[in-house]
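Participant: Sequence first, then the predicted structure:
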Amino acid sequence: MTTALDADGQLKLVIFDCDGVLVDSERASCRATAEFARSLGLDLSDEDAHDRFAGKALPQVVEELEGELGRSLPENTALEMRDNLVRLMKKMAEPVEGAPEMLHGIRALGMPFRVGSNSSVTEMDAKFERTGMTHFFPENRVHSANDMNEPKPSPEVYLYAAKTEGVLPENCVVIEDSDTGAEAARRAGMSCVLLRSENLPNPSFWPAPGFVRINHLSQLVPVLQQALERQKQA
């Protein structure tokens, strides 16, 4: 199987996850989820919430909480959690270290890029505005698995981004940090660069064709540049 990062492949589109890749928001949002769970009487630490819910869409989080509670929560729970997160992100969201510089580097390569996230578009708008990255991501290049009702690990948000760009899945590389998102990329038939610190394990399906791992965003542009150069020479 030829992938977008192989010498005989064709890299045509970069698709970014948002949280944990572009915006440092995972721990703040998971802390808010933990506080909400504790208000329901559940014994859930901030760290446990991060381990369980990082990378998941709010409806998935609500479903898991309902399973633990053994009862349904009000129908608008996910919407209320989203509104709370939007308020939180307007005050607390920060760019992942190196994200703005990396985006300038991707742009300099002439490589188009999009976002495919489990966050709602409303949440991402707040995060990009707070971090000063709105100019990188016009609205028509930001796609929400939550708003599509197809949360990761469903591959649909990535497949939709590729289709909208007019490229095949095998010509895309996804930039992810979570197991959930990496699995979505694998199901989509796309390459994936996994951004993860050295002390964290690989996803259960690792290794996989077209998957590489970096531990800092400063390493991403060289990875893509090398792939493009090899493909030009092939």
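Facilitator: Okay, I see it. Residues are numbered from 1 along each chain as shown.
Participant: and the longest helix for the chain?
Facilitator: The longest helix of the chain (DSSP state H) is helix 77-92.
Participant: So for Glu66, what's the pLDDT?
Facilitator: Per-residue confidence (pLDDT) for Glu66: 85.
Participant: do the same with Ser117
Facilitator: As predicted, Ser117 sits at a pLDDT of 95.
Participant: same question for the longest helix of the chain, mean pLDDT?
Facilitator: 79.
Participant: which stretches of the protein form strands?
Facilitator: Remark: strands assigned in the chain by DSSP state E are 13-16, 23-24, 94-95, 113-117, 142-144, 172-176, 191-195, 211-214.
Participant: Report the buried residues of the longest helix of the chain.
Facilitator: By 16 or more other CB atoms under 10 Å, the buried positions in helix 77-92 come out as Thr77, Ala78, Met81, Arg82, Leu85, Val86, Leu88, Met89, Met92. (Each C-beta comes from the backbone N, C-alpha and C, glycine too.)
Participant: Just list the residues touching the first one, thanks.
Facilitator: If you count contacts by CB atoms under 8 Å, 6 or more residues apart in numbering, Thr77 has them with Val62.
Participant: if we can go back for a sec, now the longest helix of the chain - C-alpha only, CSV.
Facilitator: Output of helix 77-92 as CSV, limited to C-alpha atoms (Å, rounded to 0.1, in the frame of the first residue of the first chain):
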residue,chain,number,x,y,z
THR,A,77,-26.4,18.4,28.4
ALA,A,78,-23.9,18.3,25.5
LEU,A,79,-25.0,21.7,24.3
GLU,A,80,-24.6,23.2,27.8
MET,A,81,-21.1,21.6,28.1
ARG,A,82,-20.2,23.1,24.7
ASP,A,83,-21.3,26.6,25.7
ASN,A,84,-19.3,26.2,28.9
LEU,A,85,-16.2,25.1,26.9
VAL,A,86,-16.6,28.0,24.5
ARG,A,87,-16.6,30.5,27.5
LEU,A,88,-13.6,28.6,28.9
MET,A,89,-11.6,28.6,25.6
LYS,A,90,-12.2,32.3,25.1
LYS,A,91,-10.2,32.9,28.3
MET,A,92,-7.8,29.9,28.5
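Participant: If anything else comes up later, I'll come back, but that's it for now.
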